[in-house]
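J.: Just a sequence and a predicted model for now, questions to come.
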Amino acid sequence: MPTTSPYSGLPNKLVRAANGVDYAYRDTGPEASGPGVSNTVPLVLFQHFRGNLDSWDPALIDALATDRRVITFDNAGVGGSTGTTPDSVEQMARDAIAFIATMELGQVDLLGFSIGSFITQQVALTRPGIVRRLVLASAAPQGAAGMHGWAPEVIGAIGTPETSPGEYLDVFFARSSSSRQAGQEAMRRMYARPEDRDAATTWATREAQYDAVCTWGIPDHALLQRLSCLQMPVFAANGDSDPMILPHYSYLLAGLIPQAQVKIYPDSAHGFLFQHHAEFAADVEAFLSQPR
């Protein structure tokens, strides 16, 4: 299989968890060879709304995996994983915990992107002992005002049965020529894998995930206080022009979590981590490598 990066050439693997779900995943970086083999803290990545294993930018994964084991996976009912996509973030978190347990990863670092950031927050709240450090990309806390569903132009672009490259660029990248060019380059990297691509996400997954997003976003000031109990270090990041999850939510997260830091990347939107993949990967590595 011709590839342009290590991530693009990884095989799709399956592992069956105690909940009966066969999870599709890819495993890369040092000591990446299956359940229970790593002597370092692995980094587990949680994907965005309607995303699968091939929706990650290979350049980002390769950069993250330079010095550490990195695992991407499809949660229950998503892409190549079996089961049914739940309609709540709480159940998605429990399904993710089942995957981590089956992989015998022990304590992990988590990187959640978009809805993946909601799930990682819930994992850290439900099972804090397994989470060493937490990276929240394009994130918002549960109960935040203004998060009940997405703007009509956003859900109209990425929430329809058939989406176009142009609509993807409109949400994930800023309107500047530099950001659009970066978006086109990222899409070429994502589609460079010609064979053995992950299964596409279904409409049922889209509906369940959007129900979960809307429920997460019901305004409830009391729910914001949940994050004050998180004791692990947290890095919150976003693009300065994100129309899907506004960057001010990263600052809100940083104000709610005791050990949180925040960075907003310029001239970028929801997909800032693909546009600024080298800088973001370096920032993540620096954060994960900090002494406690």
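T.: Great, that's in hand.

J.: secondary structure class for D27?
T.: strand (DSSP: H, G, I helix; E, B strand; the rest coil).

J.: residue ranges with poor pLDDT in this protein?
T.: Applying pLDDT under 70 to the chain flags the ranges 1-4, 32-39.

J.: residue ranges of the helices in the chain, please?
T.: 58-64, 89-102, 115-126, 152-158, 165-172, 177-190, 203-216, 221-224, 248-256, 272-275, 277-289 (DSSP state H).

J.: name the helices or strands packed onto the fifth one?
T.: Counting contacts by 3 or more CB pairs under 8 Å, 6 or more residues apart in numbering; DSSP states H and E, the secondary-structure elements packed against helix 165-172 are helix 152-158, helix 177-190. Every C-beta, even on glycine, is put in place using the N, C-alpha and C of the backbone.

J.: Which one of these lies nearest to N52?
T.: Closest to N52 of those is helix 177-190 (CB to CB; 10.5 Å).

J.: which of the helices of the chain sits most buried?
T.: Most buried of those, by mean neighbour count (mean count of other CB atoms under 10 Å): helix 272-275, with a mean of 28.

J.: and that helix, how far from the chain's centre?
T.: 12 Å (CA atoms, centre = their mean, to the nearest Å).

J.: Output that helix in PDB with nothing but the alpha carbons.
T.: Extracted in PDB, the C-alpha atoms of helix 272-275 (Å, rounded to 0.1, in the frame of the first residue of the first chain):
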ATOM      1  CA  PHE A 272      -6.700  24.400  14.200                       C
ATOM      2  CA  LEU A 273      -4.800  21.200  15.300                       C
ATOM      3  CA  PHE A 274      -4.600  20.100  11.700                       C
ATOM      4  CA  GLN A 275      -3.600  23.500  10.300                       C
END
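
J.: hmm, who's touching it?
T.: Applying CB atoms under 8 Å, 6 or more residues apart in numbering, the contact partners of helix 272-275 are 57, 59-60, 113, 137-138, 172-173, 179, 182-183, 186, 237-239, 242, 265, 267-268, 280.

J.: can we see that at 6 Å?
T.: Defining contact as CB atoms under 6 Å, 6 or more residues apart in numbering, one finds that helix 272-275 is touched by D57, A137, A182, A186, G239, Y265, S268, F280.

J.: so what's the closest residue to G271 other than its chain neighbours up against?
T.: In space, not counting the residues next to it along the chain, G271 is nearest to F172; the distance is 3.3 Å by CB to CB, 6 or more residues apart in numbering. Counting by CB under 6 Å, 6+ apart, F172 touches A269, H270, G271.
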